[in-house]
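Chemist: Based on what follows, work out the 3D shape:
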Amino acid sequence: MRPRKKPAGAMPHGVARAFAPSHMTGFFALGKGTSYGAGITLSKGTETSCTAKPASSGVSYYVNGRKARQAQLRVSACAVSKYRKLFPEFFRENGLEVRHSHAFPAGFGLGTSACAALSLSLALNGLLGSPLSREKAVAIAAEADLECKCGVLGVAASAEGGFLAKSSPESAISRLGLPKGCAIMVGLLSPISTSRVLSDRKTLARLGSEGKRAAASFFREPTIYSLARVSNSFALGSGIAKGKAKKFLLAERQCGMAMLGNTLFWVFPDMQSALLARRHHAKSFREIHVCVPEAEGARLI
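Modeler: Residues are numbered from 1 along each chain as shown. A predicted model of the protein is given here:
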């Protein structure tokens, strides 16, 4: 979902909105308490509005127009709880309505939880009059995502935007160049539980060895096209790819897999090629989206 552009000063009193673009990781490796790898930020993501309400209404959550229970939105609730500790007076005097509009469902490796936490944090900080720096608001979202075991670097990537890579645990995140006019097709098959994968020791061991191999291969030719090819080998070698996803990856070696989800992606030199491919694969996926790389990171809208 692309954000709606609004002129400066058009934000209604008591409401703030933010957009966080989805970041799709092609491969990753774990080491020294962090992760490294490469991924691309997409033009679709999550838009969140935060609205001040009467204090008696408490905190309510909506996802794509439907009311949701707090237990269903652990990361969002965790982010709100951090703001509650920092700004107890606001929460004593006000209720809060949080509305998430997701382009992608959760669990498909497209950073939906990270986007929710980040767009919420930026919007809530904006609602409060931006008392926190952008860096602090991003850090709150990252802490919430990590504490709920939904991701490691997804929030940082969504905040930064672009084609991002990290070559080792010690290195900084770098922004890579993108070919002009390229487009990305994303096909969703089924969700994967990130916490379940990352809590399995055998899986972690395979991810470690395959992640190092993938990083070495990718950084010899760090392009968006090689990202898909390296992702393909990483998904197969690590054993993450199973069932229908594995069959796709074996049949189409130019196709990558989003981590961690049964979501496949292709990179095309132009939009027309991506739209033709979407038509060809229309019946093979639960959902198909065509996006472009998003150079700008999360922001108030």
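Chemist: Could you use CA atoms for every contact and neighbour count after this?
Modeler: OK.
Chemist: Quick check: which element contains Met61?
Modeler: Quick fix: residue 61 reads Tyr, not Met. strand 59-63 (DSSP states H and E).
Chemist: ok, then the element right after that strand?
Modeler: strand 66-68.
Chemist: and Ser174, what are its phi and psi?
Modeler: phi -110, psi 150 (degrees, to the nearest 10).
Chemist: And it, how far from Pro222?
Modeler: 11 Å (CA to CA, to the nearest Å).
Chemist: circling back: tell me the mean pLDDT for the strand holding Tyr61?
Modeler: For strand 59-63, mean pLDDT rounds to 96.
Chemist: What lies in contact with stretch 262-280?
Modeler: Contact with stretch 262-280 is made by 108-109, 179, 181-192, 224-225, 228, 241, 245, 254-258, 288-290, as judged by CA atoms under 8 Å, 6 or more residues apart in numbering.
Chemist: what about that stretch, distance to the chain center?
Modeler: Counting by CA atoms, centre = their mean, to the nearest Å, stretch 262-280 is centred 20 Å from the centre of its parent chain.
Chemist: Tell me how confident the model is about it, as a mean pLDDT.
Modeler: Mean predicted lDDT for stretch 262-280 stands at 97.
Chemist: Can you list the buried residues in that stretch?
Modeler: 262-268, 271, 274-275, 278 (16 or more other CA atoms under 10 Å).
Chemist: What's the local residue count around Glu221?
Modeler: 11 (other CA atoms under 10 Å).
Chemist: what packs against the strand holding Tyr61?
Modeler: strand 66-68, strand 94-102 (3 or more CA pairs under 8 Å, 6 or more residues apart in numbering; DSSP states H and E).
Chemist: Can I get those in JSON lines including mean pLDDT and distance to Arg213?
Modeler: Formatted as JSON lines, the helices and strands packed on strand 59-63 follow (pLDDT from 0 to 100; distance: least, CA to CA, whole Å):
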{"stretch": "strand 66-68", "mean pLDDT": "94", "distance to Arg213": "41"}
{"stretch": "strand 94-102", "mean pLDDT": "97", "distance to Arg213": "34"}
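Chemist: winner for burial among these?
Modeler: strand 94-102 (a mean of 21; mean count of other CA atoms under 10 Å).
Chemist: So what angle separates the directions of it and strand 59-63?
Modeler: 10 degrees (axes from the mean of the first three to the mean of the last three CA atoms, to 10 degrees).
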